[in-house]
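1. Sequence first, predicted coordinates after that:
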Amino acid sequence: MLKKTAMYKQANFILTLCAFILLVASCKKDDTSFHYDILAASTSFEDVQAAVDSAENGDIILVPAGSSTWESAVRIPNDTRITLSGSGQDATVISSASDVPGSLINMGNTGSRITNMGFVLSNDNGNGIRAGGNGFRVDHCRFDNTIDQTIEGIIVWGSMPDNSCPTGLVDHCEFNNTRVVVVGDAALMAHTIWAEPLGLGTDNAAFIEDCIFNFTKFGNVIDANYGGRYVFRYNIVNDAYLEAHSVQGNNRSARSWEIYGNTINQAGRDMWTPFFLRGGTGVVFDNALTGEWTSPAITIDNRRSFEDLGDGGLCDGTSPWDGNEEENGYPARDQIGRSTDQWLWTDENPYPPQELDPFYQWNNVHNGETINVYVHNNCGIHIKENRDYYNQTVKPGYAPYTYPHPLISEWDHGD
C-alpha cells in the first residue's frame, strides 16, 4: 500500500511538471513576463539585419564574436525597442566600408540599446551609431577612427514625431579620435524645442557619462546644434575639447549643456581651450584641467556678433531675428544666456522674444588654479558678465540629475 501511494505521488508530480511546461510554452511572445533571445548567425550585415527583422519589443539579439565590414546600416524598425549586444568590444568588431556614407547601426526613434561592440570607422561622411528616441542606451562600446579627421562615433539624431529632443544615455564607452554629436531636431530650426521649458537638472537630454575620449587628431569630443541638449559628466578627455554651436545660418543653436565632474587633460598635442560654447545656456562646474592650454578658460562667443549669416544676418539692430533691446541688436537670437521662446516661432515677423537665463560656472580648475570665462571674437558687445553669464557663482535652484543615470539599472534589469 505504501509502495502504491509513492507511485501515485510520483505520477502526480510528473503530470504537474508537464502541465507547467505546456503553460510556459503556450505563453505568447508579447507577454512581458518572458523574453526570447535571438542569436545572430554571424557578424555579417545580412545575418545581423535578419536577426533584427525577426525581433519583437523587448528581445535581446546576441551577436557572436567575430569581425565584419558592413556596406549598409543595420536598421531597427521604429516600432521595435530591442537590445543589440555583441560579445565584447574587443570580440565583436564591425568596420565601415570606406566609400559608404551613413551609420553602421541606425536605431531610428526606437530608444533601443546597443552594447558590447567595437566599431572601426573609415568614412568621413559616416558614423558608428545613430541613436534616437526616448530612453536609448549605448554602453560598453569602443569607437576607433582610421582616417585623418574626427568622425562621429555616435550621432544623437533628432527626428522625433513631436519634434522633441532625443533623450538617453551613452556610458562606459571608449572613443578614439571619435566624438558624440547631439542634433536636437533634423529640421535645423528646432522651433518646438526652443519653445519648451529649459529643464536643466532633468532627464530631458542626451547624457554622456563615465566614458573616455582619446585624441591624437584635432577635434571636439562633444558638439550640439539645432536645439540639441546634452549632459557631459564624469568623463575623461585626453587632448580634445568640448563645444556647442550657435546660430550660424538658417538654423537654431544648441539649446542647453550641463558639463561637470570631468577630467580634461592636455598632454600630447598643443591645445587652445577646453570649452568652446557659442550658443544656448547651461552650467559648467567641478571640472579639472591638466596640462598646458593656450587659453585655460571657458571660452564663449556668438557668431552673428561678427559674421553676416543666413536670413538673420549680422546682429546689429536691424534683424527681426533679434531682441533689438539695444542699438547693437541685443539680445542676439539663441546667444549665450538666452533660453525659452515666449511663443512658437512661425516664420512670421514678429519672432518670439527669448527669456534671459544666464550661464553659470563655478569650481573649475586648471592645474589647481581657478579658471574664468573668456569672451572670444570681440563678442563682449552682446555677451556681458553678471547679465548673460556669471563667474564663480552656483546657479540658483539648480541640482544635477540622478547619478548614475537610472537608465543603467532599468536596462540592466531588462525593463
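-> Thanks, I have the structure now.

2. Tell me, how many residues neighbour residue 324?
-> 18 (other CB atoms under 10 Å). Glycine gets a C-beta too; all of them are placed from N, C-alpha and C.

3. what about it, which SS state?
-> Assigned with DSSP: H, G, I helix; E, B strand; the rest coil, residue 324 falls in the coil class.

4. Show me where the stretch 101-250 of the chain dips below the pLDDT cut-off.
-> The stretch 101-250 of the chain contains residues with pLDDT under 70 at 101.

5. Which parts of it are helices?
-> Applying DSSP state H, counting those that start in this stretch to the stretch 101-250 of the chain gives helices spanning 191-194.

6. And for residue 341, nearest residue in space, chain neighbours not counted?
-> The shortest distance from residue 341 to any non-neighbouring residue, by CB to CB, 6 or more residues apart in numbering, is to residue 352 (3.9 Å).

7. ok, the one you found touching residue 334?
-> No. Using CB atoms under 8 Å, residue 352 makes no contact with residue 334, being 11.4 Å away.

8. who has more neighbours, these two?
-> Remark: of residue 352 and residue 334, residue 334 carries more neighbours, 29 against 16, as counted by other CB under 10 Å.

9. That one: which element?
-> Using DSSP states H and E, residue 334 sits within no helix or strand.

10. Can you give me the distance of it to residue 246?
-> The spacing between residue 334 and residue 246, counted by CB to CB, to the nearest Å, is 6 Å.

11. ditto for residue 138
-> Where residue 246 is concerned, residue 138 sits at a distance of 27 Å (CB to CB).

12. quick revisit: what is in contact with residue 334 and residue 246 at once?
-> 253, 279 (CB atoms under 8 Å, 6 or more residues apart in numbering).

13. hang on, the earlier thing: ok but the residue nearest to residue 341 is inside a strand, no?
-> No. Assessed with three-state DSSP, residue 352 is coil; it does not lie in a strand.

14. Test my guess that residue 403 contacts residue 231.
-> No. Contact criterion CB under 8 Å: residue 403 and residue 231 do not qualify, at 9.7 Å.

15. which of those two has more neighbours?
-> Comparing residue 403 with residue 231 by other CB under 10 Å, the one with more neighbours is residue 231, at 28 against 15.

16. need the strands for the stretch 201-350 of the chain, in chain order.
-> Taking DSSP state E, counting those that start in this stretch to define them, one finds strands in the stretch 201-350 of the chain at 206-209, 212-214, 220-225, 229-233, 236-238, 241-244, 256-260, 263-265, 275-277, 281-285, 288-290, 298-300, 338-341.

17. Most tightly packed of these?
-> Between the strands of the stretch 201-350 of the chain, strand 229-233 has the highest mean count of neighbours, a mean of 28, where neighbours are mean count of other CB atoms under 10 Å.

18. For the residue nearest in space to the middle of the chain, which residues are in contact?
-> Nearest to the mean C-alpha position of the chain, by CA atoms, centre = their mean, lies residue 206 at 4.0 Å. Each residue near residue 206 by CB under 8 Å, 6+ apart is listed here: 131, 156, 165-170, 180, 182, 228-231.

19. Residue 61: what secondary structure?
-> Assignment for residue 61 (three-state DSSP): strand.

20. Identify the residue spatially nearest to residue 64, adjacent ones excluded.
-> Residue nearest to residue 64 in three dimensions, not counting chain neighbours: residue 87, with 5.9 Å by CB to CB, 6+ apart.

21. Settle this for me: residue 51 is touching residue 61, isn't it.
-> Yes. Counting by CB under 8 Å, residue 61 is a contact partner of residue 51 at 4.8 Å.

22. list residues touching both of the two?
-> By CB under 8 Å, 6+ apart, residue 51 and residue 61 have these common neighbours: 38, 39, 40.

23. just checking, which of those residues belong to strands?
-> Counting by DSSP state E, the part of these found in strands is 38, 39.

24. Now list the buried members of the shared contacts of residue 51 and residue 61.
-> 38, 40 (16 or more other CB atoms under 10 Å).

25. Switch the shared contacts of residue 51 and residue 61 over to a markdown table; also include distance to residue 272 and pLDDT.
-> Below are the shared contacts of residue 51 and residue 61 laid out as a markdown table (distance: CB to CB, whole Å; pLDDT from 0 to 100):
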| residue | distance to residue 272 | pLDDT |
| --- | --- | --- |
| 38 | 48 | 97 |
| 39 | 48 | 97 |
| 40 | 44 | 98 |
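
26. Next, count neighbours for the closest residue to residue 313 other than its chain neighbours.
-> In this structure, residue 313 finds its nearest non-sequential neighbour in residue 319, 5.0 Å apart by CB to CB, 6+ apart. A count of neighbours around residue 319, defined by other CB under 10 Å, yields 20.

27. returning to that earlier point: adding distance to residue 110 as columns, could you present the contacts of residue 206 in CSV?
-> Formatted as CSV, the contacts of residue 206 follow (distance: CB to CB, whole Å):
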residue, distance to residue 110
131, 9
156, 13
165, 16
166, 11
167, 13
168, 11
169, 14
170, 16
180, 19
182, 17
228, 19
229, 19
230, 20
231, 21
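
28. Of those, which belong to strands?
-> Those of these mapping onto strands are 131, 156, 167, 168, 169, 170, 180, 182, 229, 230, 231, per DSSP E.

29. on that earlier part again, for residue 403 and residue 231, list the residues in contact with both.
-> With CB under 8 Å, 6+ apart as the test, residue 403 and residue 231 both reach residue 209.

30. Let me see the backbone angles for the nearest residue to residue 218 once chain neighbours are set aside.
-> If the residues on either side of it in the chain are set aside, residue 218 comes closest to residue 150, at 7.2 Å by CB to CB, 6+ apart. Here is the backbone geometry of residue 150 (degrees, to the nearest 10): phi -70, psi 140.

31. So residue 150 sits against residue 217, correct?
-> Yes. Contact criterion CB under 8 Å: residue 150 and residue 217 qualify, at 6.0 Å.

32. Which neighbours do the two have in common?
-> residue 177.

33. Could you give the number of residues near residue 356?
-> Residue 356, neighbours per other CB under 10 Å, totals 13.

34. quick revisit: what residues are up against the residue nearest to residue 218?
-> Taking CB under 8 Å, 6+ apart, we find residue 150 in contact with 177, 178, 179, 215, 217, 218, 219, 220.

35. if we go to 7 Å?
-> With contact set as CB atoms under 7 Å, 6 or more residues apart in numbering, residue 150 has these partners: 177, 178, 179, 217, 219.
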